[in-house]
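In: Just a sequence and a predicted model for now, questions to come.
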Amino acid sequence: MFGILFALVAALAQSLQGAINKRLLETIPSRLLLLLAYGGAAIFTSPLIIYAGIPRLDATFFIAGFSGAMLNAAATLLLWEALKRDNLSRVFPFLALAPLFSVVTALLILHELPSHQGLFGIILIVAGLFIIERPTRTGTARTQSHSGFLFVVLSAFLISLNIAVDRLAILHSSPLFYPTFFFGAALVPVLLYILIKQPAASPRIFIPNSRSLLASSFLLAVGGILTSLALSLTLASYVSAIKRLGVLFAILWGAKFLKEEISVRLAAGALLATLGAILIALAH
């Protein structure tokens with residue numbers, strides 16, 4: 001029960017951070033925001049190491065931990081690219097595909113067939129996404145609505161891989177140690193990305209809103225800690241599905257803070273997709 005509760009609060013923090021990042025991305029490049037947010041989250045979580053200490057670590061932890069950090073950094077960049085191209089409330093529903101990808105991966109790699117409940121969950125996800133996309137399938141609106149589609153779908157796939165290796169790393173360390181390691185390790189691929197993408201001309205100086213940046217880093221740290229605790233207590237598929245409830249929270253933030261128009265069709269589609277993700281998780 002506590003694992004599900006931790007995952008639910010992590011979903012709330014993640015969706016609120018998405019609303020804040022949507023505004024921050026209007027004035028700061030995604031790669032720089034990622035660097036600052038991860039660095040800030042690492043600082044916020046570092047006292048946990050003093051409290052819990054450093055556990056005994058093995059090779060499995062380092063392989064899974066560094067892999068999880070790189071996967072998450074890549075997934076986050078793709079998600080933010082989608083947010084730059086589309087509305088928050090249209091991007092987040094597609095993250096409900098992450099549990100679906102987990103089921104497909106299990107079928108292909110582990111030869112696990114979903115139960116009837118799992119199949120019903122898949123149908124709900126497909127139906128929910130169809131409802132969300134149908135209103136904008138014609139003319140110019142279609143092109144605009146699909147501008148961030150591929151980015152968020154690929155992000156959902158990487159998230160499904162990331163959460164599995166995260167659980168493996170946590171089981172080989174501790175849930176209080178892993179968040180700081182994770183955010184610190186994620187800075188490595190982010191720095192490499194910044195160096196690769198650095199323009200030849202003199203770089204432009206960006207001054208982000210300091211309060212918003214601190215809030216984003218803090219929510220990222222809270223979400224990371226709660227997700228780590230949840231993964232230490234329950235299955236990765238359960239955590240992945242419950243965190244997709246951030247879809248519903250994102251719709252609320254998009255309407256309240258970003259003044260995005262929320263239709264009944266969009267809300268109904270997001271709800272169906274989220275219910276489908278939960279059914280898939282509970283079917284395991």
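Out: Structure received.
In: List the residues that contact P47.
Out: By CB atoms under 8 Å, 6 or more residues apart in numbering, the contact set of P47 is empty. Where you see a C-beta, it was placed from the backbone N, CA and C, and this is true even at glycine.
In: what about it, distance to S217?
Out: Counting by CB to CB, to the nearest Å, the gap from P47 to S217 is 14 Å.
In: Same question for F182.
Out: 14 Å.
In: and what of R23?
Out: Counting by CB to CB, the gap from R23 to S217 is 15 Å.
In: now I43
Out: From I43 to S217 the distance is 8 Å (CB to CB).
In: So for these two, which residue has more residues nearby?
Out: S217 (23 against 15; other CB atoms under 10 Å).
In: Please give me every residue in contact with that one.
Out: With CB under 8 Å, 6+ apart, S217 has these contacts: 36-37, 39-41, 43-44.
In: Going by neighbour count, which of those are buried?
Out: 36-37, 39-41, 44 (16 or more other CB atoms under 10 Å).
In: Go ahead and name everything in contact with stretch 153-163.
Out: Applying CB under 8 Å, 6+ apart, the contact partners of stretch 153-163 are 68, 71-72, 74-76, 78-79, 82, 94-99, 101-102, 105, 231, 236, 239-240.
In: since we're on D58, how many residues are nearby?
Out: 10.
In: Skipping adjacent residues, who's closest to it in space?
Out: Closest residue to D58 apart from its sequence neighbours, by CB to CB, 6 or more residues apart in numbering: H172 at 5.8 Å.
In: In this structure the one you found contacts F61, no?
Out: Yes. Using CB atoms under 8 Å, H172 makes contact with F61 at a distance of 4.0 Å.
In: mean confidence score for stretch 70-77?
Out: Stretch 70-77 shows a mean pLDDT of 84.
In: And it, how far out from the chain middle?
Out: A distance of 9 Å separates the centroid of the chain from that of stretch 70-77, by CA atoms, centre = their mean, to the nearest Å.
In: And the contacts of that stretch?
Out: 30-31, 34, 38, 155-156, 158-159, 161-162, 165-166, 182, 185-186, 188-190, 193.
In: Go again with 6 Å.
Out: 30, 34, 155, 158-159, 161-162, 186, 189-190 (CB atoms under 6 Å, 6 or more residues apart in numbering).
In: And for L219, the neighbour number?
Out: 24.
In: pLDDT of whatever helix or strand A185 lives in, averaged?
Out: Per DSSP states H and E, A185 falls inside helix 178-197. In this model, helix 178-197 has an average pLDDT of 82.
In: Show me which positions of the helix or strand that it is followed by end up buried.
Out: Downstream of helix 178-197, the first helix or strand assigned by DSSP H and E is helix 210-233. With burial defined by 16+ other CB under 10 Å, the residues of helix 210-233 counted as buried are 213, 215-233.
In: Just the C-alpha atoms of helix 210-233, please, in CSV.
Out: Provided in CSV are the C-alpha atoms of helix 210-233 (Å, rounded to 0.1, in the frame of the first residue of the first chain):
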residue,chain,number,x,y,z
SER,A,210,15.2,31.4,-10.1
ARG,A,211,12.1,30.6,-8.1
SER,A,212,10.6,28.5,-10.9
LEU,A,213,14.0,26.7,-11.3
LEU,A,214,14.3,25.9,-7.6
ALA,A,215,10.7,24.7,-7.6
SER,A,216,11.4,22.4,-10.6
SER,A,217,14.5,21.0,-9.0
PHE,A,218,12.8,20.4,-5.7
LEU,A,219,9.8,18.7,-7.3
LEU,A,220,12.2,16.6,-9.4
ALA,A,221,14.0,15.6,-6.2
VAL,A,222,10.8,14.8,-4.4
GLY,A,223,9.5,12.7,-7.3
GLY,A,224,12.8,10.9,-7.5
ILE,A,225,12.9,10.0,-3.8
LEU,A,226,9.2,8.8,-3.7
THR,A,227,9.7,6.8,-6.9
SER,A,228,12.8,5.1,-5.4
LEU,A,229,10.9,4.3,-2.3
ALA,A,230,7.9,2.9,-4.3
LEU,A,231,10.2,0.8,-6.4
SER,A,232,11.8,-0.7,-3.3
LEU,A,233,8.3,-1.8,-2.1
